[in-house]
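1. requesting a structural model of the entry that follows:
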Amino acid sequence: MLNDEHKILIKEFQSESIERKQLVKQQLELIYRNNWFNLWVPKSLGGLEVDFPQGLQFLKDLAYEDGGFAWTVTLCAGANMFAGFIDPRKAKDIWQNRAICFGGSGKIAGRAEVKEDHYLLTGMWNYATGAPHLTYFTLNAPLMKDGNPLLDANGQSIYKSFFVDKDQVLIHYDWDTFGLECTASHSFSLEKIKVPFDQAFDLVPSAKTLENPLFEIPFMCFAELTLLMNYMGMFDRFLDLLERQYFEKSKDESWRSKHSRTRFKEIDGIRTNFESSYAEIMEFSKLVWDQVENYQELDEQVLENIELKSRELAKWIRLNTAALIPYAGIKGAQRKEEINIVFRNLFTASQHGLLNV
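-> Residues are numbered from 1 along each chain as shown. Model prediction:
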């Protein structure tokens, strides 16, 4: 799915996207041309409908090339996956647009007043990755009726997921981070916006509106694994760049005699553990995919293993990156050096609430 031509183009516009703090038109055209935002969307809607393990491998490969670019594709493709949970007639109409891109916030915030024939949405939500090019913003909001929260049988607040046309949204250009700059993950707000009932949905397998094995995977598991692929792709690149610097440093006799053996041995050990962990997590993903493809009940133990392992790996990657970056020398501190870019992207990504432990 990712060829040499793609890699060259991604690298060519990486610096410009960082400077502009958003993906540039050439990067977006690459995504649209290859339909990457529709990685998980059914073919019936014009999507790629890739197998789960294949899609995960692609996201890791993409993150190896450019973490910010990959993060944007991951989050937007993950949101476009909502096509399987919204009104099918609405989805068919929306997916006529080759540049269709959902994205938004997983946070439950604001409020959704239930009216006679629509919802009235008000609130502010953070971190809508790809905000400048989104066609629909997604959000979660608790339901209200006559000013009172609607509660379920257990007394818990009922909430729904919504998607809202970009023209109804106010974007707050507040994404100012030292990494993942090009993801343009700005906040957005709504003020008493009317949203029809068919733009609300529930993101659970039992509420799917299209038949596809992917929609049988609990969203938490899907999110854990897709985000983890980004961490793993970026860390893989980080290790390669650091090792490349070690080879350069080895040309100096003094460095070679003092550090060569220990530094290379350390990075080899980390890489061995990394590759073993990646193989294990991919095996978990294949087990999940095999079960949903064959309409089997998902093994709860496998889901628990994914939940635990994904968080352990994200923490392990963060700690090892922090431990290794001082060995990168001054290059590790120079903003335009690739190893510094990867470092910044990794640490910004590590602040995502899902896998940050």
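
2. what's the distance between the closest residue to residue 302 other than its chain neighbours and residue 217?
-> Nearest residue to residue 302, sequence neighbours excluded (C-beta to C-beta, 6 or more residues apart in numbering): residue 287, at 5.2 Å. Quick note: C-beta positions are derived from backbone N, CA and C, even for glycine. Using C-beta to C-beta, to the nearest Å, one gets 11 Å for the distance from residue 287 to residue 217.

3. the two: which has the busier surroundings?
-> Comparing residue 287 with residue 217 by neighbour count (other C-beta atoms under 10 Å), the higher total belongs to residue 217, at 23 against 18.

4. the more buried one against residue 290, yeah?
-> No - using C-beta atoms under 8 Å, residue 217 is not in contact with residue 290; the gap is 11.7 Å.

5. the residue nearest to residue 302 falls within a helix, correct?
-> Yes - under DSSP: H, G, I helix; E, B strand; the rest coil, residue 287 falls within a helix.

6. do you know how far it is from residue 306?
-> Distance from residue 287 to residue 306, by C-beta to C-beta: 9 Å.

7. now do residue 19
-> 37 Å.

8. so between these two, which is more surrounded?
-> Higher neighbour count among residue 19 and residue 306: residue 306, with 22 against 11, using other C-beta under 10 Å.

9. three-state assignment of the nearest residue to the more buried one once chain neighbours are set aside?
-> Excluding its sequence neighbours, the residue lying closest to residue 306 (C-beta to C-beta, 6+ apart) is residue 284, at 5.1 Å. Classification of residue 284 using three-state DSSP returns helix.

10. residues contacting residue 284?
-> Taking C-beta atoms under 8 Å, 6 or more residues apart in numbering as the criterion, residue 284 is in contact with 302, 305-306, 309.

11. any chance of JSON lines for these, columns pLDDT?
-> Listed next are the contacts of residue 284 as JSON lines, based on pLDDT from 0 to 100:
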{"residue": "302", "pLDDT": "97"}
{"residue": "305", "pLDDT": "97"}
{"residue": "306", "pLDDT": "98"}
{"residue": "309", "pLDDT": "97"}
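
12. what's the pLDDT at the residue nearest to residue 306?
-> Per-residue confidence (pLDDT) for residue 284: 98.

13. how far away is it from residue 39?
-> 19 Å.

14. next, count neighbours for residue 213.
-> Residues near residue 213, counting by other C-beta under 10 Å: 17.

15. thought it was touching residue 289?
-> Yes - using C-beta under 8 Å, residue 213 makes contact with residue 289 at a distance of 7.1 Å.
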